[in-house]
Structure formats: structure tokens, C-alpha cells
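1. Need coordinates for the following:
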Amino acid sequence: NKRSLLHMQLAVHTYLLHGVHDKLFAHFKAVNAPKDQQLQRYRQALKWRTVQSFGAPKGFEASYTTSIMLMSRLSDYTSPYQKMHFISEALCIVPGKALASNSIAHSF
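-> Purely as a prediction, here's the structure:
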């Protein structure tokens, strides 16, 4: 049955990626540590900035915060399928938050 074979392939693929994920990303973290430190310094330097200081409307601040919160959980997923599924869910959530926040801001 093609459906069973597809499910089996996905299960094997996910199992292999889970096994390799920790080792691979430990290596990537070590290799990219200097770049990561530089990025953290930039982030700290810009910490006081708000979305409005970059010219975005106030309604985008809620979606910006939601985006950061959601994307910080991306590393919890190890297979490409899980990551893509999570990103597609985030892409549905964030615009909804922005619209809701924007409509609240316009009601005042």
C-alpha cells in the first residue's frame, strides 16, 4: 500500500534525523559560536529599540513579539517536515495577531 510506505518512509526519515540532529547541531553551534556572539552583541545594542523606531505602525508590535516567541521554539523540532509544519502554523498565527492588534488600535 502506497500510503503505508509513505508513512514508513516518513517515520524512518524522522527517526534518523532525530538521531543525527543533536550531533549535527552541536557541531554547527561550535563552528558558528563567534558569529553567534557577534549577533548577540548586536541584539543587545538594539534591545532598547522598538518596532516604531524602525517606522512600523504600532499595531505590528504584538505580531513582532508573537513572532519572536514562536520562532524561538523552532529548534524544538528536528525533522524538516516538523519545521515546515511549525513555520506554516506560525505564518497563520502571526498575521492574525497583527490584524487583531491593528483593529484594536484603530478602535481607540
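2. Show the subsequent helix or strand relative to the helix ranked longest in the chain.
-> In the chain, taking DSSP state H as the definition, the longest helix is helix 2-31. Counting by DSSP states H and E, the element after helix 2-31 in chain order, helix or strand, is helix 33-45.
3. out of everything not next to it in sequence, what's closest to the residue nearest the centre of the chain?
-> Relative to the mean C-alpha position of the chain, the nearest C-alpha, by C-alpha atoms, centre = their mean, is the one of Met71, at 2.1 Å. Setting aside the residues directly before and after it, Met71 is nearest to Ala90 in space (C-beta to C-beta, 6 or more residues apart in numbering), at 6.8 Å. The C-beta positions use only the backbone N, C-alpha and C, and glycine is treated the same way.
4. Please list all residues in contact with that neighbour.
-> For Ala90, the contact set (C-beta atoms under 8 Å, 6 or more residues apart in numbering) comprises 67, 70-71.
5. Relative to Lys35, which of those is nearest.
-> Ranking these by separation from Lys35, with C-beta to C-beta as the measure, puts Met71 on top at 18.0 Å.
6. Look up the pLDDT of the residue nearest to the centre of the chain for me, please.
-> We note a pLDDT of 82 for Met71 in this prediction.
7. residues near Thr14, how many?
-> Other residues near Thr14 number 15, with proximity taken as other C-beta atoms under 10 Å.
8. Which pLDDT value does the model give it?
-> We note a pLDDT of 80 for Thr14 in this prediction.
9. How much space separates it from Pro80?
-> When C-beta to C-beta, to the nearest Å is the yardstick, Thr14 and Pro80 sit 9 Å from each other.
10. tell me, what's touching the two both at once?
-> When C-beta under 8 Å, 6+ apart defines a contact, no residue borders Thr14 and Pro80 alike.
11. picking that back up, point out the other helices and strands that the longest helix of the chain packs with.
-> Taking 3 or more C-beta pairs under 8 Å, 6 or more residues apart in numbering; DSSP states H and E as contact, the helices and strands that helix 2-31 lies on are helix 80-107.
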